[in-house]
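Peer 1: A structural model of the following input is requested.
(one chain, ligands or ions: 1)
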Amino acid sequence: MLYQRSSQLFAEAEKVIPGGVNSPVRAFKAVGGTPIFVKSAKGAYLYDEDGNRLIDYINSWGPMVLGHAFEPVVESVISRAKLGTSYGMPTALETEIAALAVAMVPNIDKIRFVNSGTEACMSAVRLARGFTKKDKIIKFAGCYHGHSDSFLIQAGSGAVTFGTPNSPGVTAGTAKDTLLARYNDLENVTQLIEANKNEIAAIIIEPVAGNMGCIPPKEGFLEGLRKLCSANDILLIFDEVMTGFRLAKGGVQELYNIKADIVCFGKVIGGGLPVGAFAARSAIMNYLAPIGPVYQAGTLSGNPLAMAAGLAMLQALNTDAAVFQRLEDKTAYLENGIRKVLTKNKVTFTINRVGSMISVHFDESPVVDFQSAAKGDNETFKKFFHGLLNEGIYIAPSAYETWFITDALTYEDLDFTIQAIDKVSKTF
Ligand code: PLP
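Peer 2: Modelled structure (predicted):
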């Protein structure tokens, strides 16, 4: 495939945008080469500036669970835009999407909308600190909760890809309040709690991790965290920015039947527009301004276009009862196909999957935490990435990312992908 125009566009972008991109992982640094510039997208496909069609396994890093340019979302945004694009005043639409989200997700009474997943997690932690009157938080190595200072301590995703898990600019004062634990290691969390008695406000976790590839929680791990939190007056924050409205209507809380104290959302909840949200029981949410003392605000929060897109998306997911099963079936089909061809071609690999989140690691030992995720063979991953790209298949340009499957994919697309993986992995 030719990427001539994309390369030219990247060169122009580099002159006026740092690194040519507005979010680092897009720059292809981890895999080499130059990024692809998108012209349009529909359903399961991306169309780039050179006229190539790519099957998309990233889907804007998760939001396009029903495919690109999903008609109900597009129509809602167009009709809403004609009524004005922002007011900085309340709209009935905000209550409508809030009520629907509260009905779909277990264990929440109220939800506050923000503009990104970063904002959602950052605000959730401030709320937890204000509510518990404690300062420290526990996060897990390899989990990414956005680029707010407190979270850039061994974060996954792009922060790992670039080898700078601790970003310059994060002060020592901020870093000291973020304690690091190993994913899937309850003993480690217990020790941290013991060593910081009555100082920990919250444990924040991706309840199915997606930013060091996909890593499922081991059996009993989330239940153990729940018990530890309840016993120590610590709030359990589920960062469901990736998993919310994707793994089940009610996210991981529903999937594994575990209650979090605060839940963060992003991605799917905005239907592809910039939206995040955080939610909890009233007792906690009422601690927020304007009724409570914890300040949190946003000129564009609850923006009518964003709310219209999110509402159309949630309505579609709420009324199509079979969608999550279809996603499971398609992703399981893909997983089985990849397993078969990689085994046949004698490739060393591990595949992790929960529902429509899946990742392929080029290492044979189980990938259960950041340390084991980091052992994957990056040279093989690069060949895999570029080989697939050449076949018209777009996966994330980093070994630390999860693939997000869309319901718009057909079984023909999946077969084509499996055949391409067969062809590419023969050359490893
Ligand atoms: N939390 C998780 C689990 C994420 O995966 C991300 C982004 O990928 C974020 C938070 C941050 O969201 P955003 O990029 O919308 O700020």
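Peer 1: any residues of the protein in contact with the ligand? List them.
Peer 2: 61, 116-118, 121, 144-146, 157, 206, 210-211, 239, 241-242, 266, 276 (CB under 6 Å from any ligand atom). (C-beta placed from N, C-alpha, C; glycine too.)
Peer 1: just the ones of those in strands?
Peer 2: Residues of the residues of the chain next to the ligand located in strands (DSSP state E): 239, 276.
Peer 1: mind checking which of the residues of the chain next to the ligand are buried?
Peer 2: Buried subset of those (neighbour count, 16 or more other CB atoms under 10 Å): 61, 116-118, 121, 144-146, 157, 206, 210-211, 239, 241-242, 266, 276.
Peer 1: quick check: closest non-adjacent residue to the residue of the chain found nearest the ligand.
Peer 2: Here the chain gets closest to the ligand at one residue, residue 117, 2.2 Å apart by CB to the nearest ligand atom. Counting by CB to CB, 6 or more residues apart in numbering, residue 266 is the residue found nearest to residue 117 once chain neighbours are left out, at 3.0 Å.
Peer 1: before we move on, what about residue 418?
Peer 2: Here the residue nearest residue 418, using CB to CB, 6+ apart, is residue 337, at 3.5 Å.
Peer 1: so the one you found is in contact with residue 416, correct?
Peer 2: No - using CB atoms under 8 Å, residue 337 is not in contact with residue 416; the gap is 10.4 Å.
Peer 1: residue contacts, the closest residue to residue 409 other than its chain neighbours?
Peer 2: Once flanking residues are discounted, residue 409 sits nearest to residue 44: 4.5 Å by CB to CB, 6+ apart. Residues counted as contacts of residue 44 (CB atoms under 8 Å, 6 or more residues apart in numbering) are 55-56, 67-68, 406, 408-410, 413.
Peer 1: how are the strands of the stretch 51-200 of the chain distributed by residue range?
Peer 2: 53-56, 110-114, 136-140, 178-181, 200-205 (DSSP state E, counting those that start in this stretch).
Peer 1: nearest to residue 310, of those?
Peer 2: The minimum distance between residue 310 and these falls on strand 110-114, with 8.1 Å, by CB to CB.
Peer 1: which other helices and strands contact that closest one?
Peer 2: Judged by 3 or more CB pairs under 8 Å, 6 or more residues apart in numbering; DSSP states H and E, the packing partners of strand 110-114 are helix 92-104, helix 117-132, strand 276-280, helix 282-285.
Peer 1: switch the cut-off to 10 Å
Peer 2: Other helices and strands packing on strand 110-114, by 3 or more CB pairs under 10 Å, 6 or more residues apart in numbering; DSSP states H and E, are helix 92-104, helix 117-132, strand 262-265, strand 276-280, helix 282-285, helix 304-319.
Peer 1: does the closest residue to residue 48 other than its chain neighbours count as helix, strand or coil?
Peer 2: Among residues not flanking residue 48 along the chain, residue 36 sits closest, at 5.0 Å (CB to CB, 6+ apart). Put simply, residue 36 is coil when judged by DSSP: H, G, I helix; E, B strand; the rest coil.
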